[in-house]
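Visitor: return atomic coordinates for the entry below.
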Amino acid sequence: MVRNIHNYFQTTSHLCIYHMKTEYIPYIFFPKVLTVSIINCSKTSIPQLLRPQIFPNLSQIHYLSLHPGTYTIHKHFENVKWVFPNNKHEFYHCMTIAGMGRIDKNLIATYVAGHIKDDIQLRIPGYNTVPGSWYKEQLYTYFLKKNKDPYALYSSVVTTPENKLESSHDFYPFQNYYKKSLQKKYFNDMLEEHKDSD
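Guide: Predicted coordinates:
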């Protein structure tokens, strides 16, 4: 029997964060997490998630997203190993050339089991294979549950010059649509490329 997903979030040492799109991350704390997988998250959420206040014992980041929205993201943690699925994205390439990350060609297969209709099937280490939309919903629900006041979700934003400037553009529908389209295209291209290499 599959254990409760919220218990899994509290006890896992390997947490997957999938499709996080908001820059409003609640005050949340994952002291047991040693490895975090950032899968198809937006550049407004990544700098808010990847902080030592949230992951104080982090040792590895498995990174399957576009650029994190800041060029100093690696400074958030000391001695954390970054792992990327390939060397084709400029951020991945720069991080590996600088000696801050490495390539694991099996990284996509570790987390992506396939597609059913328009939904991705995620392999969650230590849990099960689940639909991505369901997992994302459970993760958001858990974040809200950890904050007794749902409005607290909006009160702990850490604003940096990079994301403050970019989040102001989110009010323009075309730019917002364009950014989301590029991100979706990149993620789908990455999955297709992985399929072709098998």
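Visitor: pretty sure V33 contacts C16?
Guide: No. Judged on C-beta atoms under 8 Å, V33 makes no contact with C16 at a distance of 10.2 Å. (Each C-beta comes from the backbone N, C-alpha and C, glycine too.)
Visitor: those two - which one has more neighbours?
Guide: More crowded of V33 and C16, by other C-beta atoms under 10 Å: C16, with 25 against 20.
Visitor: that's a strand at that one, yeah?
Guide: Yes. Looking at C16 with DSSP: H, G, I helix; E, B strand; the rest coil, it is inside a strand.
Visitor: identify the residue spatially nearest to P85, adjacent ones excluded.
Guide: Spatial nearest neighbour of P85, excluding adjacent residues (C-beta to C-beta, 6 or more residues apart in numbering): L107 at 4.2 Å.
Visitor: give me the number of residues near the one you found?
Guide: 20.
Visitor: for Y27, same thing?
Guide: So Y27, with other C-beta under 10 Å, has 13 neighbours.
Visitor: for it, give me the pLDDT.
Guide: For Y27, the model assigns a pLDDT of 76.
Visitor: same check on the one 10 residues further on?
Guide: S37 is assigned a predicted lDDT (pLDDT) of 97.
Visitor: quick one, what contacts it?
Guide: 14-17, 61-64, 111, 125 (C-beta atoms under 8 Å, 6 or more residues apart in numbering).
Visitor: tell me the SS of the nearest residue to G132 once chain neighbours are set aside?
Guide: With sequence-adjacent residues excluded and distances taken as C-beta to C-beta, 6+ apart, G132 is closest to I120, at 4.0 Å. When classified by three-state DSSP, I120 comes out as strand.
Visitor: give me the neighbour count for I120.
Guide: Residues lying near I120 (other C-beta under 10 Å) number 23.
Visitor: please state the mean pLDDT value computed over stretch 143-153.
Guide: Stretch 143-153 comes out at a mean pLDDT of 59.
Visitor: count the neighbours of Y140 for me.
Guide: Under the criterion other C-beta under 10 Å, the count of neighbours that Y140 has is 16.
Visitor: other SSEs contacting the helix or strand containing it?
Guide: Under the criterion of DSSP states H and E, Y140 resides in helix 132-146. Judged by 3 or more C-beta pairs under 8 Å, 6 or more residues apart in numbering; DSSP states H and E, the packing partners of helix 132-146 are helix 5-11, strand 14-18, strand 119-124.
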